[in-house]
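Novice: sequence plus predicted model, see below.
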Amino acid sequence: MTGAKVLAFGGYQPDRVVTNDDLAKLVDTSDEWIRARVGIESRRIAADDESVTDMAEAAGAKALAASGLAPSAIDLVIVATCSPLVPMPSVAATTAYRLGIIAPGAFDLNAACAGFCYAMGTAAHAVMAGSARNVLVIGAEKMSSWVDWTDRSTCIIFADGAGAAVVGPCADDEPPGIGPVVWGSAGDMSDKITVTGRTGAMQQDGQAVFRWATTAIHPVAREACTRAGVTPADITAFVPHQANLRIVEAIAKKLGIPRDRVADDITHAGNTSSASIPLALSRMAEQGRLQPGTPGLLIGFGAGLSYAAQVITLP
Amino acid sequence: MTDQEILAGLAEIIDEIAGVPADEVTPDKNFVDDLDIDSLSMVEIAVAAQDKFGVEIPDEQLKDLKTVQDVVNFVSKNS
């Protein structure tokens, strides 16, 4: 069976920068408080008329360009998202059409903040099974449209953006570049992160989620390493979902991965749910922080509750 | 385990998680007001205390544990 690998990443952030001081004008909070609790210094918020699809297209175009593949080489498009304004049509089909990808398989996948790793796993399976040759995997979110801007426990955290990866087949003599996905869920905790009703806003039991994320997630990351035949010490780039810098640091510490190998994109991107991992990866690639050919560890976790992790060979 | 042993173990945990020197962790200290420990660090302390003492401190209980002595009492009573 042919293995799958990541060929390239791409990211997109909206132009509008929202600082902590800006938020302190809306709700009772402060720059100091936000930095200490979640590690965010600023975030990007989409324009009113900028959609999840617009951001998915922008990130997808960059990943496609970086991969060197023509749009016609892509035959499956998966968009991980939990924040489109409408449940249909899918973001994926429109995004593919706008990128000039002709009649690909296209669907959206919702595993909330874990979505990108679920999509990456699904893309790898499609390539390995022979049902797709090259896959465009996108995480795109407009969380700002689901946030209550008077709720200081959530509006300081969430943000907008998109990130993408192109997944393709390995050469015959090449080891698999995407390790087995380790995925799971905890539906008994489904009430911990929710949106209730069509016009509802996100609500989160921050303390419960923090406890879960700092205790239940690092064993999943460790398992993904084991399944891929590496150890956490081998990981040159650890890119967990950018939920909260303190969660990121707690998980990295439990795995023993030094800080300079850990994504901290949340400081200037906020928590962009399923977009956070590919957005962080694309920025790390731009900064030269990814060592091609070495193992990177990705792990997403969030509402569901759901989680997924895999080791990839960095492009 | 004696209260003194629990206190010593708790002081180690607080030093590790919040960087508060162990000799500052005395029974009458309030976590928020005296030790500058926030609610998320309290969760981390609760998790570490569970590993160390084998006593689960659920979130619902955690909010009532305001001083070092409160935690020592809780661990002592439930261990």
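Specialist: All right, it came through fine. Numbering: from 1, shown residues only, chains lettered A, B, ... in the order given.

Novice: and residue 45, what does it touch?
Specialist: No chain specified, so I'll use chain A. A:14, A:16, A:18, A:144, A:159-160 (Cβ atoms under 8 Å, 6 or more residues apart in numbering or on different chains). C-beta: built from backbone N, CA, C; applies to glycine.

Novice: ah, I was thinking of chain B
Specialist: Applying Cβ under 8 Å, 6+ apart, the residues contacting residue B:45 are B:10, B:13-14, B:17-18, B:37, B:71.

Novice: switch to 7 Å and redo it
Specialist: By Cβ atoms under 7 Å, 6 or more residues apart in numbering or on different chains, residue B:45 lies in contact with B:13-14, B:17.

Novice: just residue A:137 next, same as before
Specialist: A:78, A:119-120, A:123, A:164-165, A:167.

Novice: confidence score at it?
Specialist: Model confidence at residue A:137, given as pLDDT, is 98.

Novice: in its sheet, what does the strand or helix carrying it sit against?
Specialist: Residue A:137 belongs to strand A:135-142 when assigned by DSSP states H and E. With DSSP bridges as the test, strand A:135-142 is paired with strand A:76-80 (parallel), strand A:160-169 (antiparallel).

Novice: for these, give me JSON lines that also has mean pLDDT and mean neighbour count.
Specialist: As requested, those are exported to JSON lines (pLDDT from 0 to 100; neighbours: other Cβ atoms under 10 Å in any protein chain shown):
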{"stretch": "strand A:76-80", "mean pLDDT": "98", "mean neighbour count": "29"}
{"stretch": "strand A:160-169", "mean pLDDT": "98", "mean neighbour count": "29"}
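
Novice: mind putting those strands into CSV with distance to residue A:301?
Specialist: Below are those laid out as CSV (distance: least, Cβ to Cβ, whole Å):
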stretch, distance to residue A:301
strand A:76-80, 13
strand A:160-169, 16
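
Novice: one step back: and the contacts of residue A:45 as a markdown table, adding distance to residue A:233?
Specialist: Formatted as a markdown table, the contacts of residue A:45 follow (distance: Cβ to Cβ, whole Å):
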| residue | distance to residue A:233 |
| --- | --- |
| A:14 | 37 |
| A:16 | 40 |
| A:18 | 38 |
| A:144 | 38 |
| A:159 | 32 |
| A:160 | 35 |
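
Novice: now the buried members of those.
Specialist: Taking 16 or more other Cβ atoms under 10 Å in any protein chain shown as the criterion, what is buried in the contacts of residue A:45 is A:14, A:18, A:144, A:159-160.

Novice: out of these, which is nearest to chain B?
Specialist: residue A:159 (19.6 Å; Cβ to the nearest Cβ).

Novice: surely the closest one and residue A:273 touch.
Specialist: No. Using Cβ atoms under 7 Å, residue A:159 is not in contact with residue A:273; the gap is 8.9 Å.

Novice: name the residues contacting each of these two.
Specialist: residue A:143.

Novice: local confidence estimate at residue 11?
Specialist: Looking at chain A here, since you left the chain open. At residue A:11, pLDDT is 98.

Novice: hmm, no, I was thinking of chain B.
Specialist: 95.

Novice: OK, contacts around it?
Specialist: B:22, B:25.

Novice: host element of it?
Specialist: helix B:3-18.

Novice: now swap in residue A:119 and tell me
Specialist: helix A:115-129.

Novice: same question, residue B:51
Specialist: Counting by DSSP H and E, residue B:51 is found in helix B:39-53.

Novice: flag every buried residue along whichever helix or strand comes after that helix.
Specialist: Under the assignment DSSP H and E, the closest C-terminal helix or strand after helix B:39-53 is helix B:59-62. Within helix B:59-62, the residues that count as buried by 16+ other Cβ under 10 Å are residue B:62.

Novice: quick one: average pLDDT of the helix or strand following helix B:59-62?
Specialist: Counting by DSSP H and E, the element after helix B:59-62 in chain order, helix or strand, is helix B:68-78. Taken as a whole, helix B:68-78 has a mean pLDDT of 94.

Novice: packing partners of helix B:68-78?
Specialist: helix B:3-18 (3 or more Cβ pairs under 7 Å, 6 or more residues apart in numbering or on different chains; DSSP states H and E).

Novice: returning to that earlier point: and the buried ones among the contacts of residue A:45 as JSON lines, adding secondary structure?
Specialist: Listed next are the buried ones among the contacts of residue A:45 as JSON lines, based on DSSP: H, G, I helix; E, B strand; the rest coil:
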{"residue": "A:14", "secondary structure": "coil"}
{"residue": "A:18", "secondary structure": "strand"}
{"residue": "A:144", "secondary structure": "helix"}
{"residue": "A:159", "secondary structure": "coil"}
{"residue": "A:160", "secondary structure": "strand"}
